[in-house]
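[1] need the 3D shape of this:
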Amino acid sequence: MSEVQSRITLKSIKHTVWASRGTHCFQAVIYLDGKRVLNVDNDGRGACHRYGGVKDQTPEEKSRVLDECTQHASEFLKENRDLTMEVDGETIDMSDMPDSELLDWLITDLVNEHLCLKEMRKSLKKEIVIFDSKKNIFFYFEQKPTPEAMSACKRGYSDEDKYWVYLNDLSEQEALKLWRKSSA
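    Now for the predicted structure:
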């Protein structure tokens with residue numbers, strides 16, 4: 001759900017929290033341009049992702065689509081993401097990473113987005129979620145976000161809410177953008 005969509009999407013994501021240590025423990029199906037092309041998984045112990053073919057796919061077809069996904073991930077990330085990391089106050093440029101690692105990076109980003117979206121949807125159903133844009137934090141009113149409860153909350157805090165954004169009022173994409181920004 002990022003603003004710029006990749007040709008690669010994930011479906012059938014199964015995440016195992018208890019087994020996730022160095023990385024997410026997950027299984028998913030990779031789609032390229034809406035077509036099911038690969039399976040991907042990680043055992044959650046910090047290693048790279050493993051890519052497997054889908055049903056009735058020859059080894060040659062698997063190799064070809066893996067190469068295509070790898071190339072797309074590299075081009076997509078280099079054009080649309082900041083490929084630097086801050087470690088102990090030092091900026092590390094990661095734009096020269098091997099393309100295979102950039103595919104792992106994109107897949108991990110898609111898994112992270114899926115998990116954030118799942119958590120956000122759950123929260124927005126059961127409570128009023130407010131983002132304070134001045135402090136860059138969330139806070140919650142533990143009330144079901146009915147129209148009446150939302151109106152009462154807005155009336156009750158109208159003097160204090162100059163910097164408040166009610167996530168329950170936003171589109172899912174706008175809310176997720178703030179959710180990920182604050183969760184970063």
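[2] okay, now the unreliable bits of this protein?
    For the chain, the stretches with pLDDT under 70 are 1-4, 160, 182-184.
[3] recalculate using a threshold of 80.
    Within the chain, the stretches with pLDDT under 80 are 1-5, 85, 87, 157-161, 180-184.
[4] most residues in a single helix of it, which one?
    Longest helix in the chain, counting residues (DSSP state H): helix 99-126.
[5] any idea how far that one is from the chain center?
    In terms of C-alpha atoms, centre = their mean, to the nearest Å, the centre of helix 99-126 is found 2 Å from the chain centre.
[6] partner strands of the very next helix or strand once past it and their direction?
    Downstream of helix 99-126, the next assigned helix or strand under DSSP states H and E is strand 128-132. Sheet pairing of strand 128-132 (DSSP bridges) gives strand 137-141 (antiparallel), strand 164-166 (antiparallel).
[7] so which of those is the most surrounded?
    Among the strands paired with strand 128-132, the stretch with the highest mean neighbour count (mean count of other C-beta atoms under 10 Å) is strand 164-166, at a mean of 17. Where C-beta positions appear, they are placed from N, C-alpha and C, glycine not excepted.
[8] tabulate the CA atom coordinates of the following helix or strand past that strand in CSV.
    Note on strand 164-166: by DSSP H and E, the next helix or strand toward the C-terminus is helix 172-183. Provided in CSV are the C-alpha atoms of helix 172-183 (Å, rounded to 0.1, in the frame of the first residue of the first chain):
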residue,chain,number,x,y,z
GLU,A,172,-6.7,3.1,4.6
GLN,A,173,-3.7,4.2,2.5
GLU,A,174,-3.4,7.6,4.3
ALA,A,175,-3.8,6.0,7.7
LEU,A,176,-1.1,3.3,6.9
LYS,A,177,1.3,6.0,5.9
LEU,A,178,1.0,7.7,9.3
TRP,A,179,1.0,4.3,11.1
ARG,A,180,4.3,3.2,9.5
LYS,A,181,5.8,6.7,10.0
SER,A,182,5.1,6.6,13.7
SER,A,183,6.0,2.9,14.1
